[in-house]
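Visitor: Could you work out the structure for the sequence below:
(one chain, ligands or ions: 1)
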Amino acid sequence: MLSDTHFHFRILREDEEWTRAKVLQEMAAAGFRFALDIGTDADDLPARQDLFEQTFALMEGGAGANVQAGANTQAVEACKKFIYFSAGIWPDPDSIKNRAACVEALRKNILAARASSAPFRKKLCALGECGLDHHWNPSGADNRSQDDFDAAMISGERALFLAQLELAKELDLPVIVHSRDAAAETLECVKESGWGGRSVIHCYSYGQDEARAFLDAGCMISFSGSVTYAKKSKMEAMRGLLAYVPQDRILLETDAPYLAPVPLRGKPNNPTYIEWTYKAAAEARGVGVEALAQTVYENSRAFFGLQE
Ligand SMILES: [Zn+2]
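Guide: Down below sits the predicted model:
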């Protein structure tokens with residue numbers, strides 16, 4: 001019944017406890033309704049889709065999933081229904097420098113997925129993640145800098161984000177926005193694009209005032225397992241923030257393999273761990289986990305335009 005609106009299948013960590021096949025198997029067994037595999041490079045979509053298909057083959061062969069072969073056919077069918085894809089360009093230095101070519105490659109990959117004759121490969125429902133990261137890409141405001149990061153790169157990062165917002169408008173796709181240490185500038189870009197009502201601020205890391213501003217711009221807000229990290233002194237503020245976002249604007253995500261929620265903090269994350277984030281958010285909002293799961297699913301359907 002749960003949904004994970006943001007995870008990275010290709011970089012999930014495999015170890016003795018978890019393989020990718022086992023993650024999908026457990027997601028199917030838990031009745032997942034929606035899970036969105038997120039892109040970060042202009043060209044990564046075909047390889048990500050290949051990896052799912054290879055993992056499905058492993059599951060159907062009974063290998064790697066620690067379960068009997070026949071049981072997996074149903075799980076694979078379920079996964080083919082609840083898994084969707086996004087494609088977008090994370091603002092790394094190379095993509096910023098080569099942004100015109102990267103955005104063009106992204107457009108081609110999205111159009112190729114849309115034109116595919118394979119139903120699973122057509123399940124592209126969003127553009128992203130894209131945005132501004134002034135933690136990794138220092139703005140200079142806090143005296144940090146990076147040799148290859150100067151004013152031209154900062155304006156290039158913004159240009160790359162704006163170009164993807166424009167592409168999303170052209171292709172009529174919602175946008176998954178990555179924003180770290182860059183709330184005001186992110187808001188400016190989203191407003192400038194006029195695409196705020198089709199944007200989600202993923203892994204939301206700002207406060208209530210910024211939430212008000214993003215909500216006023218029409219954005220959705222998506223919380224990750226980091227909401228379970230608040231220190232005791234900040235716990236009330238975090239609960240207040242979780243309760244503050246209106247029912248029709250909230251999404252939840254893992255951002256796996258990053259940000260495993262407490263009590264699993266520090267482990268490699270995977271979508272099955274999202275139940276802890278649902279518990280924390282449901283408690284703060286004074287609703288049951290099932291009701292919140294229904295809310296997040298309905299919001300996902302509307303925002304990402306899901307068919308099922
Ligand atoms: Zn991500």
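Visitor: neighbouring contacts of stretch 264-282?
Guide: Contacts to stretch 264-282, defined as Cβ atoms under 8 Å, 6 or more residues apart in numbering, come from residues 2, 4, 7, 12-13, 15, 18, 23, 26-27, 30, 32, 35, 223-225, 227-229, 242, 250, 252-263, 288-289, 291-293, 296. Every C-beta, even on glycine, is put in place using the N, C-alpha and C of the backbone.
Visitor: For it, buried residues please.
Guide: By neighbour count on 16 or more other Cβ atoms under 10 Å, the buried set for stretch 264-282 is 268-274, 276-278, 280-282.
Visitor: and what of stretch 173-189?
Guide: Result for stretch 173-189 [16+ other Cβ under 10 Å]: buried residues 173-183, 185-187, 189.
Visitor: what distance separates that stretch from the middle of the whole chain?
Guide: 13 Å (Cα atoms, centre = their mean, to the nearest Å).
Visitor: so how far is the first residue of it from its last?
Guide: 17 Å (Cα to Cα, to the nearest Å).
Visitor: and what of stretch 7-22?
Guide: Across stretch 7-22, first to last residue, Cα to Cα, it's 15 Å.
Visitor: Please list all residues in contact with residue 100.
Guide: Residue 100 touches residue 163, counting by Cβ under 8 Å, 6+ apart.
Visitor: ok, then the element right after the host helix or strand of it?
Guide: Assigned by DSSP states H and E, residue 100 belongs to helix 99-115. Downstream of helix 99-115, the next assigned helix or strand under DSSP H and E is strand 124-133.
Visitor: show me where the stretch 51-200 of the chain has strands.
Guide: 83-87, 124-133, 175-180, 199-201 (DSSP state E, counting those that start in this stretch).
Visitor: List the contacts of the nearest residue to residue 249 once chain neighbours are set aside.
Guide: Computed as Cβ to Cβ, 6 or more residues apart in numbering, the closest residue to residue 249 that is not its neighbour in sequence is residue 220, at 5.2 Å. Contacts of residue 220 were listed using Cβ under 8 Å, 6+ apart, and they are 199-201, 249-251, 299, 303.
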